[in-house]
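Q: quick one, structure for this:
(chains A and B)
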Number of protein chains: 2
Amino acid sequence: MHFTSERHLDDGVREREFTLGEIPGIVWTPASASASATASAPVPLILLGHPPLGLGRMYPRLVARAKGAAAEGFASATIELPGSGDRPRRPALDQARAELRRVMEAGEPVSDEVVDALVLPLVEEAVPEWRAALDALLSLPEIDGPVGYSGGIISVGIRLAVVEPRIAAAGLFAGSLVPRVMFEEARQVTIPLHVLLQWDDEGNDRQAALNLFDAFGSEEKTLHANMGGHSGVPQHAGDAANRFFTRHLRAAAPSRTP
Amino acid sequence: MHFTSERHLDDGVREREFTLGEIPGIVWTPASASASATASAPVPLILLGHPPLGLGRMYPRLVARAKGAAAEGFASATIELPGSGDRPRRPALDQARAELRRVMEAGEPVSDEVVDALVLPLVEEAVPEWRAALDALLSLPEIDGPVGYSGGIISVGIRLAVVEPRIAAAGLFAGSLVPRVMFEEARQVTIPLHVLLQWDDEGNDRQAALNLFDAFGSEEKTLHANMGGHSGVPQHAGDAANRFFTRHLRAAAPSRTP
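A: The predicted structure follows:
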């Protein structure tokens, strides 16, 4: 992990860009944690997932979420997805995306093949990268577990929740471009889940999202459905997601002390 | 409105029993409001709905909800439902309830006729009583609008939300014993709604509850679904409902000042 820039945002949040091998990323730590790593206790971390539109385009939304997390005393971090932003293009992903666009513009149903081609390679490639980022981030003195995962491609969140034991809670954004195989994987998820659903999401099939929520194996899972389209998540829904993490990452922290 | 008893609960909440004609009720005011009506501003009110099991049997849950509301600075109040508790029996209601029990024990589907016979007379009779209680409660110096309605028989909440303009926000508990005619009425509801759904509620049809949520005409409506059966609502869901009322009853208050 190599830091390439550092600045302090207006509310004292420390923002550092880094690269992890070829992968760019950003880590935000709250003022409390960045004042002095030795004087203040390390804080839990929330990984900020995002759609494959590039960190540059996603930055305004990511920094708003990072500030919200910092206000609750959490560090947060994100990395670029494979084939997005400044990372090398993945022709197969570009082709799958073009095919999805074509199908949707033609008003045809989106086939399992299109969804699989679009999502599964991303999951396969991204999840090990996020785990490597987790190794690096948890080695920083300002950050300690437990770790939460929030938002982004829900299939990436599902796979991470299944394979990465350091992730203690996940806040997921219900999407319907979910490969069938991920429904099976969802049954293996056991960590507490907080699932956001936009009731009139133009890009999502509501019933598929409800079915996916039903499939999750977690004993504690909550669905928060709000009115409006994909980008219309109300402020109070973001606040509720932060409280979910506070409940689970704060409560879990003491149990890590031997 | 005739007060029949008064006491202070351990956290300073003032609890007064009253009768309104023949109807018993309870009103709770937070310590801030009860210290001196002239020195402190009147507080918003939340009407606490409940199932037709009698105020005596419901008291432990009601007082817990009243304390939660008081902690957020709200007064709360409830009245006995027709045919429940110490009020005169309603043979037709008792018969409808016996028929529902018989049908459910026999594992038969619950017909529209059974649901209508059970719920519609309650709605017809209870709603004018709650409105009369509202008149009396809003005449108390410690209480002022806006008013919220919370929980209980969802059809009573729907009717109140449609016909009673003083109710500015409602927190409803999704139930499936909802007469078909109430789905039509739900489309006329326009106030902000916060709907709780227990995902594995043994007495509720989940799809019917989701359909009812979909039917509400409100521009702002939120569904919070949690795991577990009818009585397993987690603490954080109650907290979220209180925050919903804080958002809507507090924010609305200034607009009432000319």
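Q: local confidence estimate at A:Thr38?
A: Note on A:Thr38: pLDDT of 52.
Q: just the one 10 residues further on next, same as before
A: pLDDT for A:Leu48: 97.
Q: that one and A:Asp86: what is the separation?
A: Separation of A:Leu48 from A:Asp86 (CB to CB, to the nearest Å) stands at 18 Å. (Glycine included, C-beta is placed from N, CA and C.)
Q: which secondary structure elements does the strand ranked longest in chain A sit against?
A: Counting by DSSP state E, the longest strand found in chain A is strand A:143-151. When contacts are defined as 3 or more CB pairs under 8 Å, 6 or more residues apart in numbering or on different chains; DSSP states H and E, strand A:143-151 packs onto strand A:43-49, helix A:112-138, helix A:154-163, strand A:167-173, helix A:235-245.
Q: buried residues, the helix or strand immediately after the fourth one in the chain. List them.
A: Toward the C-terminal end, the helix or strand that comes next after strand A:167-173 (DSSP states H and E) is helix A:180-186. For helix A:180-186, the buried set under the neighbour-count rule, 16 or more other CB atoms under 10 Å in any protein chain shown, comprises A:182-183, A:185-186.
Q: now do the contacts for the spatially most central residue of chain A.
A: In chain A, the centroid-proximal residue (CA atoms, centre = their mean) is A:Gly49; its distance is 2.3 Å. Neighbouring residues of A:Gly49 by CB atoms under 8 Å, 6 or more residues apart in numbering or on different chains: A:78, A:149-153, A:156-157.
Q: quickly list what it is bridged to.
A: Per DSSP bridges, the residues bridged to A:Gly49 are A:Gly151.
Q: quick check: A:Gly157 touching A:Ala174?
A: No. Look at A:Gly157 against A:Ala174 with CB atoms under 8 Å: they stay out of range, at 10.6 Å.
Q: which of these two has more neighbours?
A: Higher neighbour count among A:Gly157 and A:Ala174: A:Gly157, with 29 against 22, using other CB atoms under 10 Å in any protein chain shown.
Q: now that one: closest residue in space, sequence neighbours ignored.
A: Leaving aside its chain neighbours, A:Gly157 sits nearest to A:Leu172 (4.8 Å; criterion: CB to CB, 6 or more residues apart in numbering or on different chains).
Q: distance of the one you found relative to chain B?
A: Distance of A:Leu172 to chain B, given as CB to the nearest CB, to the nearest Å: 14 Å.
Q: count of neighbours near that residue?
A: 30.
Q: what mean pLDDT does the longest strand of chain A get?
A: For strand A:143-151, the mean pLDDT works out to 92.
Q: quick one: contacts for the residue at the greatest distance from the centre of chain A?
A: Outermost residue of chain A with respect to the C-alpha centroid, by CA atoms, centre = their mean, is A:Ala106; its distance is 30.5 Å. By CB under 8 Å, 6+ apart, A:Ala106 lies in contact with nothing.
Q: could you list the contact residues of the stretch 101-250 of chain A toward chain B?
A: Taking CB under 8 Å from any CB of the partner chain as the contact definition, the stretch 101-250 of chain A meets chain B at A:199, A:210, A:213-214, A:218-227, A:234, A:236-237, A:240, A:243-244, A:247.
Q: derive a PyMOL selection command for the buried subset of those.
A: Applying 16+ other CB under 10 Å to those leaves a buried subset, and the PyMOL line that selects it is:
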select buried, chain A and resi 199+210+213+218+220+221+222+223+224+225+226+227+234+236+237+240+243+244+247
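Q: so which of the residues of the stretch 101-250 of chain A next to chain B are in helices?
A: Among those, the members falling in helices (DSSP state H) are A:210, A:213-214, A:236-237, A:240, A:243-244.
Q: thinking again about what came up before, so which of A:Leu48 and A:Asp86 has more stuff around it?
A: Taking other CB under 10 Å, A:Leu48 and A:Asp86 do not tie; A:Leu48 has more neighbours (24 against 11).
Q: what's the burial count for the spatially closest residue to the more buried one that is not a sequence neighbour?
A: If the residues on either side of it in the chain are set aside, A:Leu48 comes closest to A:Thr78, at 4.2 Å by CB to CB, 6+ apart. Using other CB under 10 Å, A:Thr78 has 26 other residues around it.
Q: buried set for the helix or strand where A:Thr78 lies?
A: For A:Thr78, the enclosing helix or strand under DSSP H and E is strand A:75-79. Within strand A:75-79, the residues that count as buried by 16+ other CB under 10 Å are A:75-79.
Q: just stretch A:124-138 next, same as before
A: A:126-127, A:129-130, A:133-134, A:136-137.
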